[in-house]
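After the sequence you'll find the predicted model.
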Amino acid sequence: MRMDVISSVNREFIKNQLKKGKRLGERGMDDYRKIKIMVNPIGTAEGSAYVTLGNTKVLVGVKLGVDKPFPDTPDKGVLITNAELRPIASPTFELGPPNPESIELARVVDRGLRESEMIDLERLCMVPGEKVWIVFVDIHVLDYDGNLFDASSFGAVAALINARVPSYEGSEPYDLPTRGVPVSCTAVKINGNVVLDPCSEEEKIADARLTVVMDENLAMRAMQKGLSGKFTIEEIRKTIDVMSRKSRELREIIKEGEKYEQKN
Amino acid sequence: MNDMDMVVPGELLGARREMKAGTGAYEEGESVCSAVFGRKDKRSNYVNVASVNGFYMPNEGDQVIAIVTDVDQTIWVTDIRAPSPAILRTGEAPWKVEFGNTSHFLTVGDTAVVRIKSYDEIGRIQITMADKNLRKINSGYIIEIPTNKIAKLIGREGAMVNTIKKLTKCRIFVGRNGRVWIDGENEGICKAILAIRKVEEEGASIDDVEKVIG
Amino acid sequence: MNTKENNEAKKTEKGKLIEDNGKRLDGRNLDELRKIQMKVGVLNRAAGSAYVEWGKNKILVGVYGPREAQPRHIQNPLKGIIQATYNMASFSVSDRKRPGPDRRSTEISKIISRALEASILSESFPRTTIDIYLEVLEADAGTRCASLTAASLALADAGIPMKDMVVSCAAGKVDDRVVLDLMKEEDNCGQADLPVAILPKSGEIVLMQLDGHLTGEEFEKAVSLAMDGCKKVYEMQKEALMKSVGKVI
């Protein structure tokens, strides 16, 4: 496992700056880095989105296939989310089977998509008990600089709202039926100070992490507390409050994604 | 913008009978060719190619900033941004270190200004802290710049880095491995970081830097 | 798992891949390359990187190293180890691919590593590895050639010393005609596929594979076409490097 050690002086500097409400790169405590979303860059995918969040770069692809439904939900389509932390993205990512980090990432993004009910899985049933659409959401991390939860979620949502159900046995293709745009917000706590959208240096010294997925009505659909530190309930309330306000802005960015043009 | 001095790996630089291959170049058959993508620099009887993007290759005598990544009974293992880690033996430290007491002096995450001493029998890099001007770093902030931007940051006879030092009232040490240590008041450090990034990314001039620092 | 129906190879009315007028399905001539775009230095963490769009192929390569070889027992005291890993994203192909290495990816990783070894001056970095990660984000035939071409750019971007750039291109046979740079439909329904990689200065071959059927004469033609293709792609590599520092050749 390759280490990526942060120096103790840098750690102290960042902590001291946070006490004064200052972050690296002149960011405010609640500021997100620059977000760019490119929609449907991948022609072989039924939907896709390329997200850059500061220096973090994630590509999410949506593929649809037909198969048997799960036995306990014979009239519903299936959503399967997978995440790959490829070594191209960071010296700390290794080749090999999915590790706890990539599994947690996939499951948290999945929870946000599933619990927000953004895909009407019942509409993806073709023959109950026999044939349903399986929606695969594959998260491919390409460059790591913190906050993979939000970057991946933005990409998954953007890819889904722009995805097309392909033709099957002569049927016409149609837009994947989605409703709503869930928004993921992630914060970390460093030495008592809470900041949104952590970069990798901040993640290295974070004590605790909180991800919340919200819908248009500011109802919370999914939550995950990560890392081994603690939050007080007050800190969580305050953070959710900030995230609620932020989520509106972020939702517009996700809906706006710039469409990719295939030139070749 | 045409530039005939930029060469790519494999490009022919000249004949072997006329010149030798310096850094960034190699000799094969009758020719001297570029090994990297960069600017060719013909000297009296040899030719170098300065790589556009480089990694740090340690030379004996270089002063660099090391970060401790592992601690053992008699040595500290450090990262100096080179292809291999650098070893600091207790004998090369400025303190009297008893066997097993190494982490009391330097632990994982600690940083120090060190000098490259030598390569040992099995090719590992050995560093030392035994000179007067070498020291453990206790405050401030360390940033990294590509090694090929070091010259730009220092400037002609130190003009650029001295300007930044003066305007931000910070002490700045530029390690040969592209690690830069900035020390001073936090606000000054922030301004220095901004200025250094501007020089690194946009090739800013002294005037640009003065404007950024304000 | 069923596939999209509109995935089947488009064919002309007579079921051919090459029209009577010598044009291919995408309008190209027999000896024409697909449209290629290259960009160097696109990733932040990797020491060197490159992105190549070759027809509909989209390949991203990141290089790390030279760095300490881990685990220790793989270290070579005489030189650095070159490890290329070719990986296709699940969504890069029409029928979703299960994540993880398969036998094809493992083989391609190996031949790409060997091709790059022929050029990288690895004696300067004993006990290290140079890791090259090739991610195929969208595939449309010729991914190994595009990947290797991109890898060479990423290595140059990382400042890894090499004897020469490595450039790769494929030729093949389709409807009994020898053609350059097969696209997906031609690869699926064609008669031969011959990927080739060379060191452009000397023209020496560092990668060559064949599947299909080629007579001796067809082989000569195909190799010649592929090498011409390589030379053209090499010019694009140089241009991409120069562009990365704001220069024009």
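Perfect, thanks for sending it.

pLDDT wise, what is B:Pro146 at?
Here the pLDDT value assigned to B:Pro146 is 87.

In this model B:Gly54 seems to touch it, though I could be wrong.
Yes. If you go by C-beta atoms under 8 Å, B:Pro146 and B:Gly54 touch, sitting 6.9 Å apart. Where you see a C-beta, it was placed from the backbone N, CA and C, and this is true even at glycine.

quick one, what contacts the closest residue to C:Val40 other than its chain neighbours?
The shortest distance from C:Val40 to any non-neighbouring residue, by C-beta to C-beta, 6 or more residues apart in numbering or on different chains, is to C:Ser244 (4.0 Å). The contact partners of C:Ser244, by C-beta atoms under 8 Å, 6 or more residues apart in numbering or on different chains, come to B:Val52, C:Lys39, C:Val40, C:Gly41, C:Asp157.

Now the two most distant members of those.
B:Val52 and C:Lys39 (14.9 Å; C-beta to C-beta).

what about those two, which has more around it?
B:Val52 (21 against 16; other C-beta atoms under 10 Å in any protein chain shown).

Wait, that one touches C:Met242, no?
No. Using C-beta under 8 Å, B:Val52 is not in contact with C:Met242; the gap is 10.1 Å.

Give me the most central residue, the chain.
Assuming you mean chain A. A:Ser153 (1.9 Å; C-alpha atoms, centre = their mean).

Oops, wrong one, chain B.
B:Asn177 (1.7 Å).

Double-check that one against B:Phe55; I have them as touching.
No. Contact criterion C-beta under 8 Å: B:Asn177 and B:Phe55 do not qualify, at 9.4 Å.

coming back round to it: out of B:Pro146 and B:Gly54, which sits in the busier spot?
B:Gly54 (21 against 17).

ok, back up a step: filter the contacts of C:Ser244 down to the ones in helices?
Counted as lying in helices by DSSP state H, out of the contacts of C:Ser244, are C:Asp157.

What average pLDDT does stretch B:168-184 get?
96.

Using the three-state scheme, assign the closest residue to chain A within chain B.
Residue of chain B nearest chain A, by C-beta to the nearest C-beta: B:Gly109 (4.2 Å). What DSSP: H, G, I helix; E, B strand; the rest coil gives for B:Gly109 is coil.

So which residues on chain B come close to chain C?
Selection of chain B residues close to chain C by C-beta under 8 Å from any C-beta of the partner chain yields B:1-3, B:6, B:8-12, B:24, B:26, B:28, B:33, B:35-38, B:51-55, B:83-85, B:122-123.

what pairs with B:Arg39 across the strands?
B:Met6, B:Ala50 (DSSP bridges).

Skipping adjacent residues, who's closest to A:Gly112 in space?
A:Val213 (3.5 Å).

remind me, longest helix of the chain?
All of this is about chain A. Chain A, longest helix under DSSP H: helix A:233-256.

that's the wrong chain, I wanted chain C
helix C:216-244.

Just give me how far that one sits from the chain centre.
11 Å (C-alpha atoms, centre = their mean, to the nearest Å).

residues of it that come out buried?
C:218-219, C:221-223, C:225-227, C:229-230, C:233-234, C:236-238, C:240-242, C:244 (16 or more other C-beta atoms under 10 Å in any protein chain shown).

try stretch A:212-221
Buried-residue list, stretch A:212-221, by 16+ other C-beta under 10 Å: A:Val212, A:Val213, A:Met214, A:Asp215, A:Arg221.

same thing with stretch A:254-264?
A:Ile254, A:Gly257.

Tell me which residues are up against it.
By C-beta under 8 Å, 6+ apart, stretch A:254-264 touches A:36-41, A:43, A:49-50, A:154, A:157-158, A:161-162, A:181, A:183, C:34-35, C:37, C:53-56.

if you set the cut-off to 10 Å instead, what comes out?
Outside of stretch A:254-264, the residues within contact range by C-beta atoms under 10 Å, 6 or more residues apart in numbering or on different chains are A:35-43, A:48-51, A:153-159, A:161-162, A:181-184, A:247, C:26, C:34-37, C:53-58, C:138, C:140.

Mind giving me the ChimeraX select for those residues, buried ones only?
To isolate in ChimeraX the members of the contacts of stretch A:254-264 that are buried, counting by 16+ other C-beta under 10 Å, one can use:
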select /A:35,37,38,39,40,41,42,43,48,49,50,51,153,154,155,156,157,158,159,161,162,181,182,183,184,247 /C:34,36,53,54,55,56,57,58,138,140
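
how close does C:Arg34 get to C:Leu182?
9 Å (C-beta to C-beta, to the nearest Å).

go on, A:Glu216?
Relative to C:Leu182, and taking C-beta to C-beta, A:Glu216 is found at 48 Å.

same thing with C:Leu116?
Taken as C-beta to C-beta, the span from C:Leu116 to C:Leu182 is 23 Å.

So for these two, which sits in the more crowded spot?
Taking neighbours as other C-beta under 10 Å, C:Leu116 and C:Leu182 compare with C:Leu182 leading, 28 against 25.

List phi and psi for that one.
Backbone torsions of C:Leu182, given as degrees, to the nearest 10, read phi -70, psi 140.
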